[in-house]
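Chemist: Build me a model:
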Amino acid sequence: MVAKERHYNKTTYLILLSGDEVRNFVVAMENRKFKRQIARLERVGNDDFQLILTGGAGAFATHELHLLLRRIRLRAQQVSQLRRKMFKVGLCIPFLLFAACAAALISLRGLVAIFVLAIPVCLAVLVYQQVRAGRKFSCYDRAQRLRAIIQQELARRRR
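Modeler: Presented below is the predicted three-dimensional model:
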């Protein structure tokens, strides 16, 4: 028998597992890990940019490479627009601090509370947009490298 301890609300429970239960648990964990790895590989396989980064651009047709270059340009524009918006939201924070100080000086407590509460909202928006950008544009932080790989492949095909 194998003993396994679990900690729950400062109380320790001792769970005794039989050999079969341990084997079933290990097999289930291995299957889960295997399924997770397959899902990750499928996600990467469906992402043309990840395929180019890992395997090169040789497997793509010329017109596909031109379409991918266009997609990179469009995504780069979207990323720059998102960054501009994030900059504007971040720029609001010092102005909100200044407005809160000015409202405090003229004894407008209601405005002080509004301005101070708007700061964490701005920070939450910035964090949300950063996470969203990281997920949606995961390969586009390497857009310059992708563009160089595709352009090298296109130049090689022209010769």
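Chemist: who does the one helix or strand Leu65 maps to touch, helix- and strand-wise?
Modeler: In the assignment (DSSP states H and E), Leu65 maps to helix 62-105. Applying 3 or more C-beta pairs under 8 Å, 6 or more residues apart in numbering; DSSP states H and E, one finds that helix 62-105 contacts helix 48-55, helix 109-136, helix 143-158. Backbone N, C-alpha and C define where each C-beta goes, glycine included.
Chemist: Figure out how far that helix is from the centre of its chain.
Modeler: Counting by C-alpha atoms, centre = their mean, to the nearest Å, helix 62-105 is centred 16 Å from the centre of its parent chain.
Chemist: if we can go back for a sec, ranking the helices and strands packed on helix 62-105 by burial, who's on top?
Modeler: Neighbour counts (mean count of other C-beta atoms under 10 Å) averaged over each of those peak at helix 48-55, with a mean of 16.
Chemist: and the angle from it to helix 62-105?
Modeler: With axes from the mean of the first three to the mean of the last three C-alpha atoms, to 10 degrees applied, the angle from helix 48-55 to helix 62-105 works out at 110 degrees.
Chemist: now for helix 48-55, which elements pack on it?
Modeler: Secondary-structure packing of helix 48-55 (3+ C-beta pairs under 8 Å, 6+ apart): helix 19-46, helix 62-105, helix 143-158.
Chemist: Now with 7 Å, please.
Modeler: With contacts defined as 3 or more C-beta pairs under 7 Å, 6 or more residues apart in numbering; DSSP states H and E, helix 48-55 has these neighbours: helix 143-158.
Chemist: Now the helix it packs on: average pLDDT?
Modeler: Averaged over helix 143-158, pLDDT sits at 88.
Chemist: what comes into contact with that helix?
Modeler: For helix 143-158, contacts defined as C-beta atoms under 7 Å, 6 or more residues apart in numbering pick out 49, 52-53, 56-58, 62, 65, 68-69, 72, 76, 139.
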